[in-house]
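Visitor: Please find the sequence and the predicted model below.
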Amino acid sequence: MSETGQKGGIGWRPWLMWGLAATLYCYAFFQRVMPSVMIADLMREFAIGAALVGNLSAFYFYSYASVQVPVGMLVDRFGPRAVLAAGAALAAAGSLLMGWAERLEIAYAGRFLVGAGVGVSFVGALRLAAIWFPPHRFALLSGMTLMFGMAGGIGGQGPLAAAVAHVGWRGTLLASGAVALVLALLIWVLVRDRPDGDGTDHSEQPHESIWGGLKEAAAEPQTWVLSGIGMMFAVPLLAFAGLWAVPFAMTTWGLDRPAAAGMASLVLFGWAAGGPIQGWLSDRIGKRKGPVVAAAAAALATIVVIVYVPGLPLWLGQVLFVANGFACAAMPVAFAAAREANPRAVGPALAIVNMATVSSGALFQPLIGWLLDRAWDGTVVAGARVYAPDAYRFAFALLIAAAVAGLILSFFMKKREPRF
């Protein structure tokens, strides 16, 4: 039997290859949103305000974004297995370092290493999907990879808040480092870069030159249009749900921290459902542009209501959190379009789009924190700053601007029929 099963079906091994990489992406999102339930702890531990908490969280994104292009080149040249295993090991080291940090500078270094390590996960998972699965599954697999990430993000909200309450933020970080070490070992032992025997490699042959694919992807205008779209779709997830939605929900609806973390998780639930559904739908109808335009319009409408309509009942806020996540989960369709626009430069193209996507967290998390500090009225509770609703409305204007930009960019996508 071939690696893809009899009569062209998909056997178990392709799912294993992709699944381990997707699990690392799940861990990446767990780490990505982790500071959102530790804001007060970090403020007290390091005697800092919102701007520096945002900066500490953003160190993950600085390194994650910076490794994307090298990762895209390396997975095309050397294969995903070694890159994914090394990344998981590096993330483990960073999590342990941050858990032991006594000074803010050491916490910065640990957070930076975590971002660099897990920065291999999404591109590695999509590269394995391109190798082990036929093209008509790619948007679906992209959405399912995103679903794994959202599962990690959900775990990094309510459940993590409960864990922090029981074992502290340091203990939680040390435990997460051990998990990453186990995952590194599993990837090294079980993942294979190419099918053996009569298995079918579904990917295009990449450029022989490690720079050739990068140059081709960078020269394709659609790569940059899709990068901008991915970046704007990611802003509500990374800058809002990933950090500032928890204190916003506490202030707006009077929730305690675990309940507010659970509410922030609703954005991730929307992403988890929307990623596979929108990827499947796009594959099914053979269209990319139309679904992205519709999703961008819905993302703008929902974030405007969340931020600027006063007195929203809790239930309606919860519905809108889910709806915004579902709309923004059209992002995998942009990745599928990037693959189709760059058939011989898949790794670099995906890396460029992912670099832009994750850069939204590096840019918008500290900017929102800086704007919150500008609008702070001086209130402090238990050693941590508390921001009024007006401060959040002022700072979250950046979320609206990002949604408008995403909608405009979506009209510049080319109508390209997927090559199945």
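Guide: It's in. Residues are numbered from 1 along each chain as shown.

Visitor: What helices and strands are in contact with the helix or strand where residue 173 lies?
Guide: Using DSSP states H and E, the element containing residue 173 is helix 158-190. Helix 158-190 sits against helix 12-33, helix 39-46, helix 80-100, helix 257-285, with contacts defined as 3 or more Cβ pairs under 8 Å, 6 or more residues apart in numbering; DSSP states H and E. (Each C-beta comes from the backbone N, C-alpha and C, glycine too.)

Visitor: got the CA coordinates for whatever helix or strand comes next after that helix in PDB?
Guide: Downstream of helix 158-190, the next assigned helix or strand under DSSP H and E is helix 212-219. Output of helix 212-219 as PDB, limited to C-alpha atoms (Å, rounded to 0.1, in the frame of the first residue of the first chain):
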ATOM      1  CA  GLY A 212      15.700  31.400  -6.100                       C
ATOM      2  CA  GLY A 213      12.400  30.600  -4.500                       C
ATOM      3  CA  LEU A 214      12.600  33.600  -2.300                       C
ATOM      4  CA  LYS A 215      13.300  35.900  -5.300                       C
ATOM      5  CA  GLU A 216      10.400  34.400  -7.200                       C
ATOM      6  CA  ALA A 217       7.900  34.800  -4.300                       C
ATOM      7  CA  ALA A 218       9.000  38.300  -3.600                       C
ATOM      8  CA  ALA A 219       8.600  39.300  -7.300                       C
END
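
Visitor: pLDDT on helix 212-219, on average?
Guide: Mean pLDDT, helix 212-219: 80.

Visitor: and that helix, how far from the chain's centre?
Guide: Here the centre of helix 212-219 is set off from its chain's centre by 24 Å, with Cα atoms, centre = their mean, to the nearest Å.

Visitor: Just the buried positions in the very next helix or strand once past that helix, please.
Guide: Using DSSP H and E, the helix or strand that follows helix 212-219 in sequence is helix 221-235. Within helix 221-235, the residues that qualify as buried are 222-235, counting by 16 or more other Cβ atoms under 10 Å.

Visitor: same thing with stretch 384-397?
Guide: Buried residues in stretch 384-397, counted by 16+ other Cβ under 10 Å: 384, 385, 386, 387, 391, 392, 394, 395, 396.

Visitor: Now the terminal residues of it, how far apart.
Guide: 23 Å (Cα to Cα, to the nearest Å).

Visitor: now do stretch 230-249
Guide: 26 Å.

Visitor: Contact partners for the spatially closest residue to residue 163 that is not a sequence neighbour?
Guide: Counting by Cβ to Cβ, 6 or more residues apart in numbering, residue 172 is the residue found nearest to residue 163 once chain neighbours are left out, at 5.1 Å. Going by Cβ atoms under 8 Å, 6 or more residues apart in numbering, residue 172 touches 34, 99, 160, 163, 164.

Visitor: could you redo those as TSV and give each row distance to residue 242?
Guide: Formatted as TSV, the contacts of residue 172 follow (distance: Cβ to Cβ, whole Å):
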residue	distance to residue 242
34	9
99	20
160	12
163	18
164	16
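
Visitor: Please identify which of those is nearest to residue 336.
Guide: Nearest to residue 336 among the contacts of residue 172 is residue 34, at 29.0 Å by Cβ to Cβ.
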